[in-house]
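> fold the following for me, if possible:
(one chain, ligands or ions: 1)
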Amino acid sequence: MSKQESKDKLRVYEYAKSINMSSKEIITILKKLEIPVNNHMSVMENGSVAKVEQFFNSIKSDAASKRAQNPAQAVSTSAVKDDKLNRSNPSLQGGANSNLKNEIKTNQESGNVQNASSDSQPKKQQEKQVGMNNRPNQNTNNGTQRQGGQDSRRTNGSVGQSSNGQSNRPSSAGSNRPAGQGNSSRPTGQGNNTNRPSGQNRPQQGSTTGRPAQSSGQGRTNSTGGNTQGSNNNRGGNSNQNRGNSSNRPGAGRRFEDGNGRGNYRGNNRGGKNNRGRNQNQPPREKIDNTPKKIIVRGNMTVGDAAKLLHKDASEVIKKLISMGVMATINQELDLDTILLLAGEFGVEVEVKIPVEDDRFETMEENDDPADLQARPPVVTIMGHVDHGKTTLLDTIRSTSVTSGEAGGITQHIGAYQVEINNKKITFLDTPGHEAFTAMRARGAEVTDMTIIVVAADDGVMPQTVEAINHAKAANLPIIVAVNKIDKPGVDPDRVKQELTNYELVPEEWGGDTIFVNVSAKQKMGIEELLEMILLVAEVNEYKANPVKRARGTVIEAELDKGRGPVMRLLVQNGTLKVGDAFVAGNCFGRVRAMVNDKGRKIKEAGPSTPVEITGLQEVPLAGDPFMVFEDERKARSIADKRAITQRESDLGTQTRVTLDDLFQHIKDGEMKALNVIIKGDVQGTVEALKGSLAKIEVEGVRVKIIHSGAGAITESDIILAAASNAIVIGFNVRPEVQAKSTAEAEKVDVRLYNVIYNVIEEIEQAMKGMLDPEFKEKVIGHAEIRNTFKISKVGTIAGCMVTSGKITRASQTRIIRDGIVIFEGKLDTLKRFKDEVKEVAQGYECGITIENFNDIKEGDVIEAFVMETVERK
Ligand SMILES: Nc1nc2c(ncn2[C@@H]2O[C@H](COP(=O)(O)OP(=O)(O)OP(=O)(O)O)[C@@H](O)[C@H]2O)c(=O)[nH]1
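Predicted structure coming up:
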């Protein structure tokens with residue numbers, strides 16, 4: 001007692017030192033005991049030393065009981081440990097320690113330690129291993145008894161392993177116990193060595209370890225013998241307390257409760273303890289393997305959590321991970337792949353259920369029971385070149401259906417309409433043209449099931465026909481070709497068929513698989529056949545949806561109506577939308593107040609593929625925004641708010657579209673199977689040459705896929721297609737149109753401009769290999785429009801310019817652009833303001849420019865000034 005008093009004013013580090021432990025260990029114990037402590041300089045308040053020692057005692061008593069069950073091995077190990085402890089801890093003097101020493105001596109004398117010391121290393125290892133995970137062996141030897149022992153150590157809390165070591169140290173009482181037990185039990189233990197049956201040993205230890213708390217107390221008092229009463233009391237108190245708390249000893253039932261209370265994997269261990277308790281009266285029972293057959297995983301988790309889920313000890317899991325080549329600690333997070341592998345190692349099936357955030361509902365996949373799926377009308381988009389008759393065809397189809405089908409109702413424009421033929425419905429999107437279609441797709445909306453490409457028989461395949469085909473192909477949509485205007489005299493529909501074979505659209509009668517229908521939108525010829533063909537394609541593709549669930553869809557159009565407030569035209573794609581439903585559309589929310597169909601009729605509900613117009617929104621969403629019904633308006637509002645925040649963040653944040661700079665990363669991450677490319681060139685010949693060369697590039701299984709190409713400037717449509725298809729745009733001797741440029745910036749589409757074919761090939765290849773070396777990147781610094789030209793002999797042609805954007809500097813390089821096409825690239829020769837040579841001229845000022853070795857400038861040409869900048873690569 002007096003010794004404790006003297007320690008009362010000790011600082012943590014002094015105390016730790018005195019018992020040959022680290023301050024950290026002591027701090028951990030103090031925290032565990034809920035004794036306030038800051039750091040190693042904290043004073044060990046009155047009584048805290050006693051509490052720590054009590055803690056040691058309780059651990060010690062646990063160890064003792066374990067030894068009692070497992071005399072031979074446990075004692076030999078502890079003997080060695082104790083011996084080491086005593087040697088290393090001479091400061092722990094007094095009866096307790098000398099007793100400990102005596103015991104060890106006794107042990108040694110009794111011959112056990114011979115075993116122990118010669119085996120000490122392996123035993124320690126074994127214990128460690130067991131601590132990690134060595135269940136199966138133990139089980140074969142002694143059922144679960146030893147597990148219990150080991151786990152009881154480990155479960156002594158965060159102190160973990162150190163408590164193993166510590167437990168022996170200051171505890172004078174504890175140190176005695178093993179002796180008492182050891183002496184009596186070891187011979188038996190030896191005899192039974194592998195049998196362990198504590199049932200056999202225990203009767204001998206009877207008073208020593210007899211499980212009920214009192215008897216164990218007695219046991220200790222007995223064995224402690226000459227120890228100070230204080231330490232005895234401590235121990236008694238401790239052991240009782242400890243037992244009470246951790247339910248080491250008393251009835252099995254109670255332990256079971258504890259085990260349950262602590263989560264599964266510990267529960268397992270307790271199972272071991274249980275057995276230990278029961279072993280006094282019952283024969284050892286086989287360990288129950290409660291490994292689950294299947295677990296549900298909802299994303300990454302820590303090793304500890306994985307262990308719980310698998311009903312395994314964390315150390316067992318760690319060991320398994322090590323065998324898989326993954327070094328992990330209990331708190332380390334495992335990714336999904338590792339969890340799958342790990343579960344596989346334990347023979348456990350995994351069901352992955354990644355919870356999708358409600359606010360990203362467009363990514364939410366709902367798996368419908370196939371029995372709930374019903375055929376739905378196909379959704380069709382009409383595309384084609386200007387004036388080839390798209391609008392006329394749409395109007396004709398609509399009017400055909402009005403006269404032939406559903407009576408009444410003045411068709412009104414709601415962005416889409418439905419027609420009925422042979423009792424089957426078809427939904428047409430009312431906005432013809434591929435730009436609108438691809439703009440929707442760029443926003444992630446997949447609305448269309450198939451495309452009608454309208455080609456006027458008198459005009460044939462035109463540039464926008466090709467664009468439309470490529471846009472449809474990029475979206476992987478079935479194509480039906482409507483050869484229009486066949487009423488015109490002298491037209492030859494077969495010429496269109498012939499031309500389209502160049503774009504892999506080969507008619508069925510020529511051995512291909514593309515459906516061609518000759519129509520006259522104006523004369524209403526072939527319309528029915530066209531509709532039948534649409535139904536045929538729909539039948540083949542089996543478009544289905546589940547009408548019996550909440551509605552999902554896509555906004556086709558939305559606007560602010562003066563009288564009605566925000567109005568939204570929507571295509572319901574799944575489920576059924578009802579008046580009164582609360583919903584989110586893009587970042588807006590609302591409740592369906594009124595709903596009308598394409599015939600202008602008020603309806604109460606709308607099933608899959610139905611276009612409707614609804615009111616009841618708070619704001620105006622965007623075309624292409626996803627739509628979904630939620631349980632109530634409050635939920636809808638909170639989701640809309642979250643989406644607005646996420647969008648703001650992503651607008652500010654990183655881009656997700658592929659660029660040549662990060663191409664390699666995408667390839668490496670396995671995200672890409674093909675690099676989508678759009679090529680625009682000054683002449684078709686170079687475009688074809690580029691296509692040929694790029695198609696040959698293949699790196700790490702990734703190929704270049706040209707989704708669109710053509711001659712002429714880079715248009716906004718090209719950029720939108722690139723955005724929708726995650727493509728990069730290559731401009732060869734062409735520039736982007738003004739609108740295209742700003743869209744490319746907004747959509748973060750990588751537009752690369754070249755004038756040497758070799759450079760294109762090399763740069764793409766290097767990018768795919770991750771070796772792109774854009775230490776120098778071109779930076780356009782300004783544009784000047786040529787307003788006048790002056791020919792001066794000996795000087796050449798001077799361009800009288802107005803700087804329209806940025807600035808032109810004396811040191812810049814230039815390009816001359818005529819009608820979107822680069823006609824020359826070279827150095828700027830002179831830059832003058834009036835008669836003076838100047839270094840730079842800013843936007844809004846006039847200047848005179850001459851270009852080195854180039855005089856063929858014309859009014860209306862644009863001089864693009866650029867510099868080469870060093871770019872830091874990531
Ligand atoms: N002779 C004849 N003329 C047609 C036919 N279909 C459309 N036209 C005419 O072709 C012209 C263009 O038709 P639109 O329907 O406006 O063509 P579009 O493809 O929608 O044109 P944009 O909206 O400008 O892209 C109109 O004058 C139509 O009357 C047809 O089958 N036969």
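
> which bits of the stretch 351-500 of the chain sit near the ligand?
384, 386-392, 432, 484-485, 487-488 (CB under 6 Å from any ligand atom). (Glycine included, C-beta is placed from N, CA and C.)

> pLDDT value on the nearest residue to Glu840 once chain neighbours are set aside, please?
Computed as CB to CB, 6 or more residues apart in numbering, the closest residue to Glu840 that is not its neighbour in sequence is Thr809, at 4.2 Å. Listed pLDDT for Thr809 reads 91.

> do Leu690 as well
87.

> and Val80, by the same measure?
For Val80, the predicted pLDDT is 35.

> would you confirm that Arg752 contacts Ile730?
Yes - with contact defined as CB atoms under 8 Å, Arg752 counts as touching Ile730 (5.3 Å).

> if you count what's nearby, which of those two comes out ahead?
Applying other CB atoms under 10 Å to Arg752 and Ile730 shows that Ile730 carries more neighbours, namely 27 against 18.

> and that one, helix, strand or coil?
Put simply, Ile730 is strand when judged by DSSP: H, G, I helix; E, B strand; the rest coil.

> so it touches Ser693, yeah?
No - counting by CB under 8 Å, Ile730 does not reach Ser693; the two are 11.2 Å apart.

> what do these two both touch?
Val760 (CB atoms under 8 Å, 6 or more residues apart in numbering).

> helices of the stretch 351-500 of the chain, start to end?
390-404, 434-442, 463-474, 493-500 (DSSP state H, counting those that start in this stretch).

> ok, which of these comes nearest Gly848?
helix 463-474 (37.9 Å; CB to CB).

> next, the angle from that closest one to helix 493-500.
60 degrees (axes from the mean of the first three to the mean of the last three CA atoms, to 10 degrees).

> tell me the average confidence for helix 463-474?
So the average pLDDT for helix 463-474 ends up being 89.

> just the residues of the stretch 351-500 of the chain next to the ligand: which has the poorest pLDDT?
Minimum confidence in these sits at Pro432, scoring 72.

> so Gly600, which of the three states?
With three-state DSSP as the criterion, Gly600 reads coil.

> count of residues packed around it?
14.

> tell me which residue in the stretch 151-300 of the chain sits closest to the ligand.
Gly299 (48.3 Å; CB to the nearest ligand atom).

> counting by contacts, list what the longest strand along the chain packs against.
Secondary structure of the chain per DSSP state E: the longest strand is strand 776-792. Packing partners of strand 776-792 (3 or more CB pairs under 8 Å, 6 or more residues apart in numbering; DSSP states H and E): strand 796-809, strand 846-851, strand 862-870.

> partner strands of the longest one, with direction?
Same thing as strand 796-809. strand 776-792 (antiparallel), strand 840-842 (antiparallel), strand 846-851 (antiparallel) (DSSP bridges).

> didn't Leu342 look like it was pressed against Val317?
Yes - here Leu342 lies in contact with Val317, judged by CB under 8 Å, at a distance of 6.9 Å.

> end-to-end on stretch 491-508?
21 Å (CA to CA, to the nearest Å).

> check contacts around Pro377.
418, 424-427, 538, 543, 608-610.

> report the buried members of the residues of the stretch 351-500 of the chain next to the ligand.
Among these, those classed as buried by 16 or more other CB atoms under 10 Å are 384, 388-392, 432, 484-485, 487.

> can you name the two of the residues you listed that sit furthest apart?
The widest separation within those (CB to CB) is 19.9 Å, between Pro432 and Asp487.

> can you pull out the strands in the stretch 401-550 of the chain?
With DSSP state E, counting those that start in this stretch as the criterion, the stretch 401-550 of the chain has strands at 416-421, 424-429, 450-456, 479-484, 515-518, 544-545.

> export these to a markdown table and append columns for distance to Asp861.
Shown next, in a markdown table, are these (distance: least, CB to CB, whole Å):
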| stretch | distance to Asp861 |
| --- | --- |
| strand 416-421 | 45 |
| strand 424-429 | 41 |
| strand 450-456 | 35 |
| strand 479-484 | 39 |
| strand 515-518 | 44 |
| strand 544-545 | 55 |
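
> looking at the ones you listed, which has the lowest confidence?
strand 416-421 (a mean of 88).

> show me what counts as buried in that strand.
416-419, 421.

> show residues contacting that strand.
Counting by CB under 8 Å, 6+ apart, 377, 379, 397-398, 400-401, 404-406, 411, 425-430, 528, 531-532, 535, 556, 569, 571, 597-598, 609-611 sit against strand 416-421.

> same question for stretch 828-842.
Contacts for stretch 828-842 (CB under 8 Å, 6+ apart): 784, 803, 807-814, 845-852, 865.

> kindly recompute the last result at 7 Å.
803, 807-810, 812, 814, 845, 847-852, 865 (CB atoms under 7 Å, 6 or more residues apart in numbering).

> about what we covered before: redo the helices of the stretch 351-500 of the chain as a markdown table? Include distance to Glu333.
Listed next are those as a markdown table, based on distance: least, CB to CB, whole Å:
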| stretch | distance to Glu333 |
| --- | --- |
| helix 390-404 | 54 |
| helix 434-442 | 35 |
| helix 463-474 | 38 |
| helix 493-500 | 54 |
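
> closest to the ligand out of the helices and strands packed on strand 776-792?
strand 862-870 (28.4 Å).

> same for that closest one, what does it pack against?
When contacts are defined as 3 or more CB pairs under 7 Å, 6 or more residues apart in numbering; DSSP states H and E, strand 862-870 packs onto strand 776-792, strand 796-809, strand 813-818.

> tell me which of these lies nearest to Val455.
strand 813-818 (31.1 Å).

> partner strands of the closest one, with direction?
Checking strand 813-818 against DSSP bridges gives partners strand 821-833 (antiparallel), strand 862-870 (antiparallel).

> now Gly848. Nearest residue, chain neighbours left out?
Per CB to CB, 6+ apart, closest to Gly848 is Lys832, 4.3 Å.

> that neighbour: neighbour count?
Neighbours around Lys832, by other CB under 10 Å: 15.

> one more: the one 10 residues further on?
Using other CB under 10 Å as the criterion, Ala842 is surrounded by 12 other residues.

> equivalent analysis for the one 10 residues further on, please.
Using other CB under 10 Å, Glu852 has 12 other residues around it.

> so what's Asn546 up against?
Counted by CB under 7 Å, 6+ apart, Asn546 has contacts 368, 372-373, 574-575.

> re earlier: which of the contacts of Pro377 are buried? Put it as a ChimeraX command.
Buried members of the contacts of Pro377, defined by 16+ other CB under 10 Å, are picked up in ChimeraX with:
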select :418,424,425,426,427,538,543,608,609,610
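
> out of the contacts of Pro377, what pair is the most spread apart?
Among those, the pair separated by the greatest distance (CB to CB) is Ala538 and Thr610, which sit 15.3 Å apart.
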